[in-house]
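J.: Fold the following for me, if possible:
(2 chains)
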Amino acid sequence: MKYLRRAKWSNLAVVIASSIIVSGCNSSSSDEKEEVSQASYTHVSQLGGDATAVSASDSGHGFSTPMPNLTTEQLDKHLAGDAHFETAFTTAPNSEHPELDGLGPVFNNQDCNSCHQRDGRSSTITLAQGQERVLLGPEAGIFLRMSIDDGECSNPSVDNNYCKNLGVDGFGTQLFHRGVLKARDDWQENPFIGQADVYLAYEYSTVEYADGSSVELKKPIFTIEQPYDVSAENRLDSAILQENVRYSPRNGMPVFGLGLLELINEADILAIADENDANEDGISGRPNWVFDPVKAKNNDPIPVSLGRFGWKASTPSVRVQSLGALRGDMGVTNPLFPDESIANTPLHESYLTRTNFVDTGVDEQGNTEASQEFSDEVVFYAETLAVPARRNIDDDSVIAGAQLFDKVNCTGCHQPEFTTATGELLVGGLPAPNGLKGQTIYPFTDMLLHDLGEGLADNRRDFTATGVEWKTRPLWGIGLTKTVNPAAGFLHDGRAATVEEAILWHGGEAQQSKTDFMAMTQADRQALLDFVMSL
Amino acid sequence: MLKKSLLALALSSALLTGCGGSSSNAPVVVPEVTPVVTPDVTGFSFEATEMITNLTNDVIVAGYKNLNDEAAVYLLATQTLVNTPTEENLAAAQQAWKDVRVHWEQGESHIFGPVDALSIDPHLDTWPLNTSDLQALLDTQSGFNATELKAFNDDVQGFHTMEFLLFGDGVADNEKAIGEMTVLEREYLSAAAEVFKTHTQTLFDAWTVATDATDANSPAYKDLLLTPDNAVYSSQLGVVEELINGMIGIVDEVGNGKISEPFGSSIDNIDTTKVESQYSWNSLADFTDNIQGVQNVYRGEFLGQADKAGIIDFVTAADAAIATRVDTEIVDAIAAIKAIAGDNDLPFRQAINDADARVRIQTAIDKLTTLQTSLENDVLTQLKEWQQS
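T.: Below is the predicted model of the structure:
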């Protein structure tokens, strides 16, 4: 049975590290020994500053530790959110466990943890020998976003609906491939199906290095069948099978360190944006500007914010990201998103009629399926998971790899360092914990959008992000990915089984860095990978 | 001397975090630092290979083999029940369910790796089940097979769905007459048992054959523990940390979840709906087996087997007194859980509503709290003192 972990991790090692800081500074200032040139981040262990976890950084709990600098009250709130994160929702109404009901009626998974296993990446679905494709079911931590192709949108305003994507008629902007038992009219023949079935297959290619070694890459191919809006015999009539519909896969990603990322000063991010590549380095990071439901709820006249989270930086805060997933991925309404994900569609209307209006998403008193308290706690949990400390930082290969990482300009997008904001601050609309403030952090992301080339392109815009742009992923903790979930994959659709494969998928603005990586000796490539795996 | 990686951690923090790193990406000049040598006063040496090998092969993998073997026996019992629905065959299927449950519950002391990555835990042990959906399926479908059932949501599959079908609702008793079991219920049960068996086989194969069943070249998960310095475990320290955290996790879950949540803050605040295995009244056996699983990992052998290397040997190398104390605390916790039943074999579902039994339950909670505190503060913390060879 799945239960939360209440262990309060020792922060003794943090104390040890802190106690040596002073002597370290003293010794470095007086030391007359030989000096070597190293990238600034080479020896940094505590990537999240004081919000770094040390005592779980070698095992599968590496992403699941509360920030060690929370107050007792904050820790209690975090642990309550931890329980919510593992709550598996059930069909409403559930008289025995009303606190659990609200799932769906259509959804992608039943709990947060299923797509963010142990707070990390989801398992990549693989195919057995001879198997051509697999149906996405409970094991899948991936789903499809979708929208009507309506060109690019660069300046969000009320006139263009703040660049929100145009949903598919009768479906919306996310394909929910699972459902509660009676989600569809044909539930007796097709129990537990959502808006449509989604199948996953792969196409394979091989990349060769100059030294003759090679790596096989795989790319997911999705097909959609049994959409609810037509019969199986007449499937081509479905609104989601038309040529103007654009799809983009979304794989579950790690959820630690997010509060720190939200507290990076907006000005610091914008200061490193280079939309027109003024410095002519081939890299032109730019921000995504996105609709902000929190601002809209507060009647802000311009409900637009800098996008920070999601594969295309399409949400402005952990709150919007988390509660959007609660309502969307799981179908659980909440105070920020009180309407069911498929409200006002024929599917929802038929479901309500079929089930006698017992699962409307909001009760007679106006209460949503998840309460304000539940919502606040689960958001706080994701805001306050600690960043794992690095490993093996004194290995020669890791140190060499750190220099190579800078030399081939991985740092052009994977910006190593920021300092989080200080003062009276809000995070997701509530006062920010002090432990998030003023931290020197090493997330290795610039929080900006970059063209990563056709190989990774989804050809679907997301607010102002184009169909070839993706937000630079943070690299902190990436070396623990397989420790936390040995079946996890990298990139937006889990296509890369290793960090090396992920690098080889880079193109566009990262093409030169990839070319330089591929031109390295095998030993140097390994050193660079060793460095990334030490993060 | 402090172990190598922690010393490095401390040093690196000293070099940059504390001194304020450059905000640019440009290389900075960093002085090469002479390693700090700390007197060898608190560290300890321990050769972990034998312990890791034993725990991996003879505890974890052996436990999953037992689970898979008993799942086969259980599946056969449900198929017999379908073909020959008698009281005896129902009783045999009920007992087979309890037998397979033992190995699952003991294995909850090491919930990591494939059991998580392959979503086997939610497939096998989702709680609570969705009785209304289950009933709707029984009311509307003409038959069930494993292929279809495998695609159903987890809350109408696994241990507790099968438990409900085998034992009834558990409110007044944990007995079900064969006459109360419909043909479709038996068919559903057997299909669920078949799906269950595929999952236990998948789990066993992931540990012993290939972590990724679709890639014959992927390593067996056991090999990732046996030969660290791989993408999952960078060192033996990571493996030992995983094993200790596994024990802490289930002690926490039993004490603060499985027992405390139904127990409530007072007799007026109990919640029987949160009792695990409430239909079969198998709760106390579940809790006992959970902590028995902790003892298996701690001692390195199953109950009654000859002494082999376990976490106790690692702790003994650090501090023999702590090692003995923790071993006693595990024994005490198991005894306290068993004692909840009292002289009249009271099930946990009833015990939470009995004033005398509540005293015994509180004792069990206290013992588990003591054990958890020791594992966190006195066992896990030894990792930082460990000098790996």
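
J.: Could you report the pLDDT at the nearest residue to residue B:145 once chain neighbours are set aside?
T.: What sits nearest to residue B:145 in space, not counting adjacent residues and going by C-beta to C-beta, 6 or more residues apart in numbering or on different chains, is residue B:191, at 5.5 Å. Quick note: C-beta positions are derived from backbone N, CA and C, even for glycine. Predicted confidence (pLDDT) for residue B:191: 98.

J.: quick one: low-confidence parts of chain A?
T.: For chain A, residues meeting the criterion pLDDT under 70 lie at A:1-36, A:231-235.

J.: show me where it has helices.
T.: Secondary structure of chain A, counting by DSSP state H: helices at A:12-30, A:72-85, A:112-115, A:258-262, A:266-271, A:293-297, A:318-328, A:346-354, A:372-383, A:396-407, A:481-484, A:499-505, A:511-519, A:522-534.

J.: for the second one, which positions count as buried?
T.: Going by neighbour count (16 or more other C-beta atoms under 10 Å in any protein chain shown), the buried part of helix A:72-85 is A:74-75, A:77-85.

J.: Now render these as a markdown table, adding distance to chain B.
T.: Formatted as a markdown table, those follow (distance: C-beta to the nearest C-beta, whole Å):
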| residue | distance to chain B |
| --- | --- |
| A:74 | 19 |
| A:75 | 14 |
| A:77 | 16 |
| A:78 | 15 |
| A:79 | 10 |
| A:80 | 13 |
| A:81 | 16 |
| A:82 | 11 |
| A:83 | 9 |
| A:84 | 14 |
| A:85 | 14 |
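
J.: Quick check: which element contains the residue nearest to residue B:145?
T.: Secondary-structure assignment from DSSP states H and E places residue B:191 in helix B:183-208.

J.: could you pull out the strands for the stretch 1-150 of chain A?
T.: Ranges of strands within the stretch 1-150 of chain A are A:35-38, A:52-53, A:90-91, A:101-103, A:106-107, A:134-135, A:142-148, based on DSSP state E, counting those that start in this stretch.

J.: Among these, show me which one is buried the most.
T.: Compared across the strands of the stretch 1-150 of chain A, strand A:52-53 shows the largest average neighbour count, a mean of 30 (mean count of other C-beta atoms under 10 Å in any protein chain shown).

J.: quick one on the thing from earlier: tell me which of the helices of chain A sits nearest to residue B:342.
T.: For these, the distance to residue B:342 is smallest for helix A:72-85, at 30.6 Å, taking C-beta to C-beta.

J.: the domain parsing of chain B - what is it?
T.: B:4-41, B:52-223, B:236-387 (automatic domain parsing).

J.: Who does residue A:431 form a beta bridge with?
T.: Per DSSP bridges, the residues bridged to residue A:431 are residue A:426.

J.: correct me, but it touches residue A:425?
T.: Yes - assessed by C-beta atoms under 8 Å, residue A:431 is found in contact with residue A:425 at 7.4 Å.

J.: the more surrounded of these two?
T.: More neighbours surround residue A:425 than the other of residue A:431 and residue A:425, with 16 against 9 (other C-beta atoms under 10 Å in any protein chain shown).

J.: Turn the domains of chain B into a markdown table, columns for distance to residue A:372 and mean neighbour count.
T.: As requested, these are arranged in a markdown table below (distance: least, C-beta to C-beta, whole Å; neighbours: other C-beta atoms under 10 Å in any protein chain shown):
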| stretch | distance to residue A:372 | mean neighbour count |
| --- | --- | --- |
| domain B:4-41 | 37 | 17 |
| domain B:52-223 | 24 | 20 |
| domain B:236-387 | 23 | 20 |
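
J.: Residue A:499 is nearest to which of the ones you listed?
T.: Between residue A:499 and the domains of chain B, the shortest gap by C-beta to C-beta is with domain B:52-223, which sits at 16.5 Å.

J.: Check the separation of the first and last residues in the closest one.
T.: 11 Å (C-alpha to C-alpha, to the nearest Å).

J.: picking up where we left off before, just checking, what packs against the helix holding residue B:191?
T.: helix B:62-83, helix B:114-117, helix B:120-125, helix B:131-140, helix B:146-150, helix B:158-167, helix B:221-226 (3 or more C-beta pairs under 8 Å, 6 or more residues apart in numbering or on different chains; DSSP states H and E).
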